[in-house]
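Asks: Quick one: sequence plus predicted model below, questions after.
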Amino acid sequence: MTTDGDNKAGESGGSEESQSERINRELIELLNELRVALPGVQVLFAFLLAVPFATGFKEINDFQRDLFFATLLLTTVSSALLIAPSAYHRMNFRARDKEQMLLTSNKLALTGLFFLALAIVAAMALIADLLYAPAVPIICAVAGAAMFAALWFALPVARRNP
């Protein structure tokens, strides 16, 4: 049984995967992984775009308004970063420099996931601040940040370096 990082020697008639084949596979995998993240960004962004038009939005305090706008900005940055690899690939796929495209796109995707985690934590804190006492948003933000740090960053790094 192979994993994503294993050579797929058995699938290609016993030959090792070439550098070019590996880069092509990794680029395809990255673009497919972004298809998983993008719907989450789109839902959050759509929610944030609709909120100011809801009745009662004008009754929020200054902190909530600032947190809302920060969440909107974080989501915007996340959207741009997570969509950028697709645009980069589409504009440069014939440039014959797929390895650089892969390296750059990987950095964009990781940075986009970081901003997405911040946006989700900020949205959670905003909603908690609207519903509960002042300590709850802080607890939610710390717990959410710890969860994303553990699942999206620490776990993959720990797995990569056993």
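Replies: The structure has been received and is ready for your questions.
Asks: What sits closest to the residue nearest the centre of the chain if chain neighbours are left out?
Replies: Nearest residue to the geometric centre of the chain (C-alpha atoms, centre = their mean): residue 113, 2.4 Å. By the measure of C-beta to C-beta, 6 or more residues apart in numbering, the closest residue to residue 113 outside its immediate chain neighbours is residue 152, 6.1 Å from it. In this view, the C-beta of every residue, glycine as well, is placed from N, C-alpha and C.
Asks: If I look at the one you found, what pLDDT would I see?
Replies: Residue 152 is assigned a predicted lDDT (pLDDT) of 90.
Asks: isn't it right up against residue 115?
Replies: No: under the criterion of C-beta atoms under 8 Å, residue 152 is not in contact with residue 115, lying 11.7 Å apart.
Asks: Could you check which of the two is surrounded by more residues?
Replies: Ranked by neighbour count (other C-beta atoms under 10 Å), residue 152 and residue 115 place residue 115 first, with 20 against 14.
Asks: Touching, that one and residue 73? I think so.
Replies: No: with contact defined as C-beta under 8 Å, residue 115 does not count as touching residue 73 (9.2 Å).
Asks: Distance from the longest helix along the chain to the middle of the chain?
Replies: The helix spanning the most residues in the chain, taking DSSP state H as the definition, is helix 98-131. Taking C-alpha atoms, centre = their mean, to the nearest Å, one finds helix 98-131 lying 4 Å from the centre of the chain it belongs to.
Asks: That one packs against which elements?
Replies: If you count contacts as 3 or more C-beta pairs under 8 Å, 6 or more residues apart in numbering; DSSP states H and E, helix 98-131 packs onto helix 19-50, helix 62-92, helix 135-148.
Asks: Any regions of the protein where pLDDT drops low?
Replies: Within the chain, the stretches falling below the threshold (pLDDT under 70) are 1-15, 161-162.
Asks: hmm, 80 instead?
Replies: For the chain, applying pLDDT under 80 flags the ranges 1-15, 92-96, 161-162.
Asks: sorry, back to before: for residue 37, see how far away the residue nearest to residue 113 is.
Replies: Remark: distance between residue 152 and residue 37 (C-beta to C-beta, to the nearest Å) = 10 Å.
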